[in-house]
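Enquirer: Give me a model of this one.
(4 chains)
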Protein chains: 2
Amino acid sequence: MNIEIEKENKLAELFGALSEPNRIRIIKILRDSDHELNCGEVSRLLQIAPSTVSYHFKALRQAGLTKTRQQAQTKYLSLNMETFNRYLPSFLDSL
Amino acid sequence: MNIEIEKENKLAELFGALSEPNRIRIIKILRDSDHELNCGEVSRLLQIAPSTVSYHFKALRQAGLTKTRQQAQTKYLSLNMETFNRYLPSFLDSL
DNA sequence: TCTTTATTTTTATATCCATCGAAATAACAA
DNA sequence: TTGTTATTTCGATGGATATAAAAATAAAGA
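Expert: I've put the predicted structure just below:
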């Protein structure tokens, strides 16, 4: 039962990270894109400030939905498929 | 593209409704139960005030995740499968 | 070393959220 | 009609969230 409570808390955390339209868009762009995304590119695509994008990146990463790879000054974002497969199987298909 | 923006907003709304552990538990209980749920029963099951349960019921209903049937003073909650099938197919199975 | 570039953190603000107790509402029942 | 029961609304509170400008960080290159 404790394990179940933990799962419910984790799912609530994941849904919290997905409860913002711009973050849904980031996930969707990542799914459809053939290249990783960085902060500046998303800022231009979604027309929101870089600091706001950074904030959303952090929210997605903290929930475990994304991973980052750093190259020089630039951080590249990609999906963390382990989390999707474990907690939200087939979610990406329905996006 | 406008339609897509609408879908992203709707998904964000649904995830917002699911971003609270007690609401996840309500959905899960509804999925597993053979009878509809009312406010008082959930209040006892989850050990939270009836007014808080009413607040959660409203959040779930406004997002379209549940439906209500009223009988006398009591309102019975059930899942709105149309919404799950349309926006979150296979989600209930992964709960 | 100095400048440019990309991102993150900080600060500030306005808004939203979860919770409860108390009051209001609504329907039944004696 | 009066009292009981179930739910909702209201009011208050403490905490989280989304946003952007400004400042800080960090790497690259001239």
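Enquirer: can we go C-alpha only for contacts and neighbour counts from here?
Expert: Will do.
Enquirer: what about chain A, any weak spots by pLDDT?
Expert: For chain A, the stretches flagged by pLDDT under 70 are A:1-3.
Enquirer: Could you find the closest non-adjacent residue to the closest residue to DNA strand C within it?
Expert: Chain A approaches DNA strand C most closely through A:Gly40 (3.2 Å), counting by C-alpha to the nearest atom of the strand. Excluding the flanking residues, the one nearest A:Gly40 by C-alpha to C-alpha, 6 or more residues apart in numbering or on different chains is A:Pro50, at 6.3 Å.
Enquirer: and A:Leu45, how many residues sit next to it?
Expert: Close neighbours of A:Leu45, defined as other C-alpha atoms under 10 Å in any protein chain shown, add up to 12.
Enquirer: Check the gap between it and A:Ile24 for me.
Expert: 13 Å (C-alpha to C-alpha, to the nearest Å).
Enquirer: now A:Asp32
Expert: 12 Å.
Enquirer: If you count surrounding residues, which of the two has more?
Expert: A:Ile24 (20 against 9).
Enquirer: Identify the residues contacting the more buried one.
Expert: A:Leu18, B:Glu8, B:Leu11, B:Ala12 (C-alpha atoms under 8 Å, 6 or more residues apart in numbering or on different chains).
Enquirer: contacting residues for the first one?
Expert: When the contact criterion is C-alpha under 8 Å, 6+ apart, the partners of A:Leu18 are A:Ile24, A:Leu60, B:Ala12, B:Phe15, B:Gly16.
Enquirer: 7 Å instead?
Expert: Taking C-alpha atoms under 7 Å, 6 or more residues apart in numbering or on different chains, we find A:Leu18 in contact with A:Ile24, B:Ala12, B:Phe15.
Enquirer: and if you look at the second one?
Expert: With contacts taken as C-alpha under 7 Å, 6+ apart, B:Glu8 has the following neighbours: A:Pro21, A:Ile24.
Enquirer: any idea which of the contacts of A:Ile24 is the one closest to A:Phe84?
Expert: A:Leu18 (12.0 Å; C-alpha to C-alpha).
Enquirer: Can you name the two of the contacts of A:Ile24 that sit furthest apart?
Expert: A:Leu18 and B:Glu8 (10.0 Å).
Enquirer: Mind jotting down where the strands sit in chain A?
Expert: Counting by DSSP state E, chain A has strands at residues A:66-71, A:74-79.
Enquirer: Save the ones you listed as TSV, and put in mean neighbour count and distance to DNA strand D too.
Expert: Below are these laid out as TSV (neighbours: other C-alpha atoms under 10 Å in any protein chain shown; distance: least, C-alpha to the nearest atom of the strand, whole Å):
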stretch	mean neighbour count	distance to DNA strand D
strand A:66-71	14	7
strand A:74-79	18	8
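Enquirer: Tell me which residue lies nearest the centroid of chain A.
Expert: A:Leu60 (3.8 Å; C-alpha atoms, centre = their mean).
Enquirer: residues in contact with it?
Expert: A:Ala17, A:Thr66.
Enquirer: I figured A:Lys67 hits A:Met81, correct?
Expert: No - look at A:Lys67 against A:Met81 with C-alpha atoms under 7 Å: they stay out of range, at 9.2 Å.
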